[in-house]
Structure formats: structure tokens, C-alpha cells
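Participant: sequence plus predicted model, see below.
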Amino acid sequence: MIADPSTPLALIDSVSYFNAEQEVLFSLHTVFHVSEIKKIEKNNRFYQVTLILTSDNDQELPILTERIREKTSPRTQEWYRIGELLLKLDQFDKAEQVYSTVLQQTPSAKDQADIYYQFGCIKNNQGHYEKAISFYERTIEIDRKSVSINYLSLANTYHGIGAVYDNMKQYSDAGLYHEKALEIYQKNLSPNHPDLVASYNNISLLYRNIAEYSKVLSYFQKALDIKDRILPSNHPLLVTS
């Protein structure tokens with residue numbers, strides 16, 4: 001098969017076994033903007049999605065790519081990456097099995113700390129809150145013994161513990177850990193870093209749970225200010241803020 005890289009799509013209904021489906025084949029790595037989503041008239045089950053093809057010169061594309069790369073945190077161990085994917089898919093039992101296997105093959109204390117952190121996330125989502133805190137504390141213990149402390153990793157773990165206490169409705173303890181995490185982020189990240197947005201949102205949700213609405217508004221506004229600075233004006237996250 002010969003593919004023309006200058007052609008982003010091909011209509012294949014004439015060669016498809018099910019030609020009534022009017023299938024369209026797109027080139028590998030094709031990326032679109034979702035321009036519009038609307039219901040199809042007289043049919044509430046289906047939606048029409050309008051897509052706009054991006055080009056390699058799209059200025060927003062490398063920003064998005066880098067953000068995805070940061071979030072997926074590529075590692076040398078394929079099994080670790082599989083575990084992260086299972087977590088994103090809410091397959092917590094399977095993720096736990098994968099990380100248990102990886103832990104047995106991991107001599108590095110730093111990598112073990114990362115796995116214990118993931119165990120904490122899993123147990124929190126499974127509703128095993130005491131076990132979640134125990135795993136997070138093991139992560140902190142290893143990080144503090146490290147010659148070079150990764151403060152951002154420590155902040156992430158503090159947020160994890162804060163999230164557990166949120167779920168346990170122990171909001172005083174939750175606030176303590178979320179504030180610890182925020183303090184580290186503010187000292188080690190740029191003022192416009194996306195992790196600060198997540199941190200402000202976590203704290204604002206905490207205050208919403210205890211009905212301190214003036215503080216809710218204050219932290220939501222801080223998160224929104226960062227989004228205004230780093231996101232295009234038509235970004236959906238600005239609409240939902």
C-alpha cells in the first residue's frame with residue numbers, strides 16, 4: 001500500500017465491505033480541533049461534530065503535546081506505563097496487580113516511592129482510606145531519606161493525603177495537607193504553572209465542603225487568573241470555570 005502524506009483523508013466507501021457506512025480513513029497522527037457539537041434535528045440520539053484539521057504550524061499543538069507528555073510521565077518500564085493507563089481508565093484492581101509486579105522488580109528506592117504513591121491513589125479510589133494514607137506516608141518517608149529531595153513529588157503526595165481526608169470528611173486535616181502542597185508549589189513552580197491551578201481548585205473545593213464561600217471564591221479566582229494567562233480565550237476550561 002502506498003500512502004500520500006499530503007492527503008489527510010480518503011473516502012473508502014467504494015472499497016469498503018460495508019459501503020453504506022460511508023467510511024473515511026484518516027492519516028496516522030491526524031489531529032483535529034472540535035469546532036462545534038450539536039444535536040441532529042429530529043433525532044435526539046445523535047450529534048453532529050464539526051472538526052477542523054490542524055497543521056504542523058498550529059501554535060497550540062506543541063503546547064498541548066508537551067502538556068500530555070508531562071502528564072503521562074513516560075518511563076523506561078512498560079509495565080509502569082500500563083499501570084498509569086489503567087489508573088486513568090479507573091481500572092484500579094488491574095492497576096494494583098500491575099504495580100505489585102513492578103514493585104517486585106524495582107530495586108530503586110525512588111521508583112519504589114513512586115509505586116507506593118500510585119498504591120495510595122488506588123486505595124483512595126477503592127475507598128480503603130487508611131491503607132491509602134499508609135502508602136502515601138511510605139512515599140514521604142522514602143522521599144525524605146533521599147539525598148536530593150524531590151519537593152514536587154512531596155507536594156503531590158501531600159495533595160494525595162489531603163484528597164483522602166476530603167473523602168473521609170476530615171476537612172481540617174485535609175486543609176493542612178493541601179496547604180502544605182500549595183506552599184511547596186509556590187516556592188518551586190512558576191506563577192503560571194498548571195499544577196498551581198489544580199492546587200487552588202483542590203483548596204477551593206475543600207472550603208466549599210465546609211461552606212466558607214468567600215474562600216471558595218478567592219481560590220477559584222486564583223485558579224482562573226492563571227487559566228486566563230496561559231489558555232486561549234476560547235479554551236473550554238475557561239468556559240467551565
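Facilitator: Structure's in. What do you need? Numbers count the residues shown, from 1 in each chain.
Participant: break this protein into its domains for me.
Facilitator: 9-53, 60-188 (automatic domain parsing).
Participant: among these, which gets the worst mean confidence?
Facilitator: Lowest mean pLDDT within those: domain 9-53, a mean of 77.
Participant: end to end, how far does that one reach?
Facilitator: End-to-end distance of domain 9-53 (Cα to Cα, to the nearest Å): 10 Å.
Participant: starting at the chain centroid, how far to it?
Facilitator: Centroid separation between domain 9-53 and its chain, computed with Cα atoms, centre = their mean, to the nearest Å, is 27 Å.
Participant: picking that back up, could the domains of the chain be laid out in a markdown table, adding distance to residue 227?
Facilitator: Placement of C-beta: from N, CA and C, glycine included. Output for those, formatted as a markdown table (distance: least, Cβ to Cβ, whole Å):
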| stretch | distance to residue 227 |
| --- | --- |
| domain 9-53 | 18 |
| domain 60-188 | 13 |
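Participant: pick the most deeply packed of the ones you listed.
Facilitator: When these are scored by mean count of other Cβ atoms under 10 Å, the highest mean neighbour count falls to domain 60-188 (a mean of 16).
Participant: now the end-to-end length of that one.
Facilitator: 25 Å.
Participant: wait, residue 168 sits on residue 130?
Facilitator: No. Counting by Cβ atoms under 8 Å, residue 130 is not a contact partner of residue 168; they are 9.0 Å apart.
Participant: what about residue 40, distance to residue 51?
Facilitator: Distance, residue 40 to residue 51, by Cβ to Cβ, to the nearest Å: 16 Å.
Participant: and the helices in this structure?
Facilitator: Using DSSP state H, the helices found in the chain span residues 60-72, 78-88, 92-104, 109-126, 129-145, 151-167, 171-188, 194-209, 213-230, 236-240.
Participant: let me know the average pLDDT across the last one.
Facilitator: In other words, helix 236-240. Mean per-residue pLDDT for helix 236-240: 50.
Participant: OK, contacts around residue 161?
Facilitator: Taking Cβ atoms under 8 Å, 6 or more residues apart in numbering as the contact definition, residue 161 lies against 120, 133, 136, 137, 177.
Participant: got a list of what the nearest residue to the third one once chain neighbours are set aside touches?
Facilitator: If I follow you right, that is residue 136. Using Cβ to Cβ, 6 or more residues apart in numbering and skipping residues adjacent in sequence, the residue nearest residue 136 is residue 120, 4.1 Å away. Going by Cβ under 8 Å, 6+ apart, residue 120 touches 132, 133, 135, 136, 139, 157, 160, 161, 164.
Participant: residues in contact with the fifth one?
Facilitator: Put plainly, it is residue 139. Per Cβ under 8 Å, 6+ apart, neighbours of residue 139: 113, 114, 116, 117, 120, 153, 157.
Participant: hmm, the last one is touching residue 116, no?
Facilitator: No. Counting by Cβ under 8 Å, residue 157 stays clear of residue 116, with 9.0 Å between them.
Participant: overlap of the contact sets of these two?
Facilitator: With Cβ under 8 Å, 6+ apart as the test, residue 157 and residue 116 both reach 136, 139.
Participant: one step back: for residue 107, see how far away the residue nearest to residue 136 is.
Facilitator: 21 Å.
Participant: could you do residue 125 as well?
Facilitator: Using Cβ to Cβ, residue 125 is found at 28 Å from residue 107.
Participant: pull the residues that contact stretch 171-184.
Facilitator: So stretch 171-184 is in contact with 151-152, 154-156, 158-159, 161-166, 196, 199-200, 202-203, 206, 209-210, going by Cβ under 8 Å, 6+ apart.
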